[in-house]
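Q: kindly generate the corresponding structure for this input.
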Amino acid sequence: MKIKEKISFEEVLGTTFKIRVVEAIDNGRAALTHYIHNHTNGVSGFYKNEALSHIKRALEVKFPKESIDYNAAESALQYIITDFKQDIPFPPPKEHKFTFIDLFAGIGGFRLAMQNLKGKCVFTSEWDEQAKKTYEVNFGEVPFGDITKEETKKFIPDNFDVLCAGFPCQAFSIAGRRGGFEDTRGTLFFDVAEIIKKKKPKAIFLENVKGLVSHDKGRTLSTILNVLRNDLGYNVAEPMIINAKEFGVPQNRERIYIVGFRKDINAENFSYPEPTGEPITFADIKERKEVCVKYYLSTQYLQTLINHKKRHEDKGNGFGYEIIPDNGIANAIVVGGMGRERNLVYDYRLTNFKPVTKIKGEVNREGIRKMTPREWARLQGFPDEFKIPVADASAYKQFGNSVAVPAIQATAEKLLQTIGIK
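A: Below is the predicted model:
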């Protein structure tokens, strides 16, 4: 049938019509945005059927008395493409040099780095709903969900150049075994390996916490390298611990990078990037204006931190809060524990000491506050144009879990040179 009234992109995404969010709807939103971003290339074929199904569902919600068929959905899809003028901070490059997929995407740190190098993202997945919200407002794409599900994997296109993944670290059951592909079943790395095995990208770029080196007495990393090199046949350089502070951000953040190349690619000339040597301190990324009083510690909470630190010092431990001077660099920003308290700062510009949240005691007069989410974003190399659409608690979590964009970009540049992309 022919629908006389148009349906907008926002309506189809379910922002106007509150379509019940189930897995099919979630995949539909992701497929639609992926299709729109790829409708001029062959990748679109992986997304079109699900995109049409989603549009059909949206039309049925908007026009409950009409009989909706796929011809109506096709017409609506063409209208949406023609009318699509989404204003996003980080659109894909108009002329791309390579393609990549973004697994365990978080809020898009890998994507920012790869797009800066003229890369086109053709698939992305992330399970956390708040992170997906941030990803969508900045890149105009809804990530697919749980990558461990076949329903999600079926959307991954063929013939992309680079697989990017900041996958979580898990121990493998390898007692008495050789530590190969089958031994990783039930872990998230198994899903990454399965995708590599099936899609055979030219290169892979994996990122993980420094602790992966010693995780399960080194057996976890050993298994990963064995699978990549022997089971999957990739030339994998020795993993490198790279510190974000050496690539232009004032944060002491060490992460392990694993870079590998398909066997038909000459990888002999690959090397990890050299530090930039660019001197940078917290003062370079500090808020330029007075910060809201909500970021300042109360007198009671500050005293609690002082007491807590003293108890640990009395036991010979170095655990506790830390105040970063303007001419210093931050500790690694992390989620949970003392993540924020180990990165307190002095800021004497506060003029309004009236609390805007419930606190015990008064706002401290020593100028001690937490860093803001925007400062955490800058510590990870995210530009100020990057939108933060979520509450502070989610924002801290998202930036704490993200990658340091400049370090990723420097490494990716070396990777791309190796596969012949300049």
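Q: just the strands in the stretch 1-150 of the chain please.
A: Counting by DSSP state E, counting those that start in this stretch, the stretch 1-150 of the chain has these strands, from start to end: 98-103, 119-124.
Q: okay, the angle between the last one and strand 98-103?
A: I take that to be strand 119-124. Relative orientation of strand 119-124 versus strand 98-103 (axes from the mean of the first three to the mean of the last three CA atoms, to 10 degrees): 40 degrees.
Q: average pLDDT for strand 119-124?
A: Mean per-residue pLDDT for strand 119-124: 98.
Q: now it, how far from the chain's geometric center?
A: 13 Å (CA atoms, centre = their mean, to the nearest Å).
Q: hmm, who's touching it?
A: Contacts with strand 119-124, where a contact means CB atoms under 8 Å, 6 or more residues apart in numbering, come from 34, 37-38, 43, 46, 92-93, 96-103, 105, 108, 111, 114-115, 135, 139, 141, 143-144, 155-157, 160, 162, 412. C-beta here means a position set from N, CA and C on the backbone, and glycine is covered the same way.
Q: tell me which strands that strand pairs with, and in which orientation.
A: strand 98-103 (parallel) (DSSP bridges).
Q: would you map the helices across the stretch 301-422 of the chain?
A: For the stretch 301-422 of the chain, the helices defined by DSSP state H, counting those that start in this stretch cover 373-379, 392-401, 405-418.
Q: the ones you listed: which one's closest to Ile204?
A: Closest of the helices of the stretch 301-422 of the chain to Ile204 is helix 405-418, at 9.0 Å (criterion: CB to CB).
Q: now render the helices of the stretch 301-422 of the chain as JSON lines, adding mean neighbour count.
A: Formatted as JSON lines, the helices of the stretch 301-422 of the chain follow (neighbours: other CB atoms under 10 Å):
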{"stretch": "helix 373-379", "mean neighbour count": "23"}
{"stretch": "helix 392-401", "mean neighbour count": "20"}
{"stretch": "helix 405-418", "mean neighbour count": "22"}
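Q: how about the ones you listed, which one is nearest Lys294?
A: Nearest to Lys294 among the helices of the stretch 301-422 of the chain is helix 392-401 (8.3 Å), distances taken as CB to CB.
Q: pLDDT at Ala171, what is it?
A: The model reports Ala171 with a pLDDT of 65.
Q: what do you get for the one 10 residues further on?
A: At Phe181, the pLDDT value in this model is 67.
Q: what of Gly328?
A: Confidence score, pLDDT, at Gly328: 97.
Q: hmm, who's touching stretch 370-381?
A: Under the criterion CB under 8 Å, 6+ apart, residues 109, 244, 247-251, 253, 285-287, 291, 295-297, 330, 333, 340-341, 343-345, 384, 386, 388, 392, 395-396, 399-400, 402-407 lie in contact with stretch 370-381.
Q: please indicate which of those are buried?
A: Buried by 16 or more other CB atoms under 10 Å: 109, 244, 247-251, 253, 285-287, 291, 295-297, 330, 333, 340-341, 343-345, 386, 388, 395-396, 399-400, 402-407, out of those.
Q: do me a favour and get the end-to-end distance for stretch 208-225?
A: 13 Å (CA to CA, to the nearest Å).
Q: now that stretch: average pLDDT?
A: For stretch 208-225, the mean pLDDT works out to 88.
Q: buried stuff in it?
A: Neighbour-count burial for stretch 208-225 [16+ other CB under 10 Å]: Asn208, Val209, Leu212, His215, Arg219, Thr220, Leu221, Thr223, Ile224, Leu225.
Q: got the contact list for Asn27?
A: Counting by CB under 8 Å, 6+ apart, Asn27 touches Glu50, His54, Phe144, Gly145, Glu151, Thr152, Phe155.
Q: circling back to that earlier point, what's the closest of the strands of the stretch 1-150 of the chain to Lys310?
A: In terms of CB to CB, the element of these nearest to Lys310 is strand 98-103, at 44.0 Å.
Q: now tell me what touches the closest one from outside.
A: Residues from elsewhere that reach strand 98-103, judged by CB under 8 Å, 6+ apart: 43, 108, 110-111, 114, 117-125, 143, 147, 156-157, 159-167, 192, 195, 201, 416, 419, 421.
Q: returning to what we had before: could you dump the strands of the stretch 1-150 of the chain to a markdown table with distance to Ala30?
A: What follows is the strands of the stretch 1-150 of the chain, written out as a markdown table (distance: least, CB to CB, whole Å):
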| stretch | distance to Ala30 |
| --- | --- |
| strand 98-103 | 12 |
| strand 119-124 | 8 |
